[in-house]
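>>> show me the folded form of this:
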Amino acid sequence: RISEGDSSAIMRLANYFLVILDEPDYEKAYLWFLVSAALLQEGGLEGRDEVEAQLESEKIIKIQKEAYDLFLNLPKNVKDNIKNGEN
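Now for the predicted structure:
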């Protein structure tokens, strides 16, 4: 969905890794909350901060680099949808 421009799928994915799984995957949730926060999506900053508290600093730095690369490679229409107030 993200590749099709559905920016709301970013928060759904972050919440999937945090809430839906039997055991939270904090690393993957943090990755997607970072991307959500970078896009200024509602709940992204709060989710990022909540999950960050569960991770070691070495992991945080590694995941932040990964999220940066992911953000740079998001489809243009995802970023455009955010700018236009969609999703």
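>>> report how many residues lie close to Asn46.
Let me fix one detail, which is that residue 46 is Glu and not Asn. Glu46 is flanked by 12 other residues according to other C-beta atoms under 10 Å. C-beta: built from backbone N, CA, C; applies to glycine.
>>> secondary structure element holding it?
Using DSSP states H and E, Glu46 maps to helix 44-52.
>>> what residues sit buried inside that helix?
44, 47-48, 51-52 (16 or more other C-beta atoms under 10 Å).
>>> roughly how far apart are whatever residue is furthest in space from the centre of the chain and Tyr30?
Most distant residue from the mean C-alpha position of the chain: Asp22, 19.5 Å away (C-alpha atoms, centre = their mean). Using C-beta to C-beta, to the nearest Å, Asp22 is found at 18 Å from Tyr30.
>>> repeat for Glu56
From Glu56 across to Tyr30, the span is 11 Å (C-beta to C-beta).
>>> quick one: which of these two has more around it?
Neighbour totals were compared for Glu56 and Tyr30, and Tyr30 leads with 27 against 8 (other C-beta under 10 Å).
>>> just the pLDDT for the residue farthest from the centre of the chain.
On the pLDDT scale, Asp22 is placed at 96.
>>> which strand or helix spans it?
In the assignment (DSSP H and E), Asp22 maps to no helix and no strand.
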